[in-house]
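K.L.:
Sequence below, structure please.
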Amino acid sequence: MEGPYRVGDALPPLEIPVTRTLIVAGAIASRDYQDVHHDAELAREKGSPDIFMNILTTNGLVGRYITDHFGPAAVLRKVAIRLGVPNYPGDLLRLTGRITTVDGGIRTYTDSENRIPIEGENHTLIEVAVAGDNRMGRHVTGKVTVTLPHDSCQPHQPHRSHHARPL
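P.N.:
Residues are numbered from 1 along each chain as shown. Next comes the predicted model:
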């Protein structure tokens with residue numbers, strides 16, 4: 001399928017200030033009550049210089065990065081990430097992505113792990129390699145699979161710059 005998305009296309013970067021509030025709120029929202037995500041003193045006792053972001057918050061931020069780019073019709077099918085260096089309060093997480101697969105065949109896709117048909121037909125499947133860096137190095141790498149209905153497979157125009165959107 002000829003479309004607006006092509007293999008090799010880079011997504012615009014998303015920069016997210018990592019605040020103490022973001023780390024704690026993400027841990028609470030994901031019901032991760034490990035003290036290293038909310039209690040700086042206990043985190044230091046365990047050898048960390050401060051509290052740090054949990055993987056579920058990073059996973060959510062990666063998902064947000066993709067859906068912000070592809071728009072409201074995008075459906076995340078798979079987010080597979082691996083963490084590297086931690087995200088501490090005061091860091092700036094910079095997410096980048098590059099499209100690695102565009103499959104716009106006229107057929108119904110199935111979830112390869114669960115063999116569940118994706119609702120409807122005629123979707124474009126897109127895979128994006130994602131990386132996120134902070135001052136210490138690579139925080140996250142991974143691959144995200146997203147589908148778009150063919151009729152909405154036009155480049156999404158975000159309301160505002162990634163940089164201006166509050167968390």
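K.L.:
check contacts around the most centrally placed residue in the chain.
P.N.:
Against the mean C-alpha coordinate of the chain, by CA atoms, centre = their mean, the closest residue is Val62 at 1.0 Å. Shown in contact with Val62 (CB atoms under 8 Å, 6 or more residues apart in numbering): 79, 81, 95, 130, 132, 140, 142, 144. Bear in mind the C-beta positions are built from the backbone N, C-alpha and C, glycine included.
K.L.:
Do I have it right that the second one meets Arg138?
P.N.:
No - with contacts counted by CB atoms under 8 Å, Ile81 stays clear of Arg138, the gap being 11.4 Å.
K.L.:
Between the two, point out the one with more neighbours.
P.N.:
Ile81 (19 against 13; other CB atoms under 10 Å).
K.L.:
Correct me if wrong: Val75 contacts Thr145.
P.N.:
No - counting by CB under 8 Å, Val75 sits too far from Thr145 to count as a contact (9.6 Å).
K.L.:
more crowded one of those two?
P.N.:
Thr145 (20 against 16).
K.L.:
Neighbours of the closest residue to Asn54 other than its chain neighbours, how many?
P.N.:
Nearest non-adjacent residue to Asn54, counting by CB to CB, 6 or more residues apart in numbering: Asp32, 4.7 Å away. Applying other CB under 10 Å, we find 15 other residues in the vicinity of Asp32.
K.L.:
Please report how far the residue lying farthest from the centre of the chain lies from Pro89.
P.N.:
Ranked by distance from the centre of the chain (CA atoms, centre = their mean), the top residue is Glu45, with 30.7 Å. Distance, Glu45 to Pro89, using CB to CB, to the nearest Å: 17 Å.
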